[in-house]
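1. Okay, here's the prediction I keep looking at, along with the sequence it came from:
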Amino acid sequence: MMRLPAEGPEPSRGDLGSVQIARPTALARHPHAAGGLPPAPAAIQDLMLEDVVRLVRRALLELPERTALILAMRFGIGPDDDGEHTLAEIAEVFGLSKERIRQLEAEGLEDLRYLLRELA
């Protein structure tokens, strides 16, 4: 971190010769001093997560039913919310191969990204 010296004449705009590297102060050593924001309290994080889940669920309604169900099952965000499922488990439910479920998941995620940009 570059700092101007505490004593002596102030340098002009173009005069970098008098700029010195100062020892870090307590503020400069603070983890958020580099421009980062402090972490949000847990309650705020919970509300933000709820908003994201609500937004994703709303976007899922815009997808074809099979695609929405595959994504909901894969990521555990379906109406049953019984946790995440493997490709094999989802493939068995739909009577498709794991590879086809993976392809449908990839296509659905791409569509979901587009919809989330529109809804946000």
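-> Noted; the coordinates are in hand.
2. Can you give the contact residues for the host helix or strand of residue 91?
-> Counting by DSSP states H and E, the element that carries residue 91 is helix 87-94. Outside helix 87-94, the residues that touch it by C-beta atoms under 8 Å, 6 or more residues apart in numbering are 66, 70, 73, 74, 97, 98, 100, 101, 102, 105. C-betas here are computed from N, CA, C, even on glycine.
3. Would you map out the domains in the protein?
-> 1-38, 42-119 (automatic domain parsing).
4. can you give me the mean pLDDT across the first one?
-> Per-residue pLDDT values across domain 1-38 average out to 49.
5. now swap in the last one and tell me
-> Averaged across domain 42-119, pLDDT comes to 90.
6. can you tell me the distance between the two ends of that domain?
-> End-to-end distance of domain 42-119 (C-alpha to C-alpha, to the nearest Å): 25 Å.
7. What are the buried residues along the helix holding residue 91?
-> Along helix 87-94, these residues count as buried under the neighbour rule (16 or more other C-beta atoms under 10 Å): 87, 90, 91.
8. next helix or strand past it?
-> Going down the chain from helix 87-94, the next helix or strand is helix 98-119, by DSSP H and E.
9. can you list contacts of that next one?
-> Contacts of helix 98-119 from elsewhere in the structure, counted by C-beta under 8 Å, 6+ apart, are 55-56, 58-60, 62-63, 66-68, 70-71, 74, 87-88, 90-91, 94, 96.
10. Kindly recompute the last result at 10 Å.
-> With contact meaning C-beta atoms under 10 Å, 6 or more residues apart in numbering, helix 98-119 is reached by 52, 55-56, 58-64, 66-75, 85-94, 96-97.
11. ok, of those, which come out buried?
-> 56, 59-60, 63, 67-75, 85, 87, 90-91, 96.
12. Those in helices, which ones?
-> By the criterion of DSSP state H, membership of the buried ones among the contacts of helix 98-119 in helices covers 56, 59-60, 67-75, 87, 90-91.
13. I'm done for today, thanks for sticking with me.
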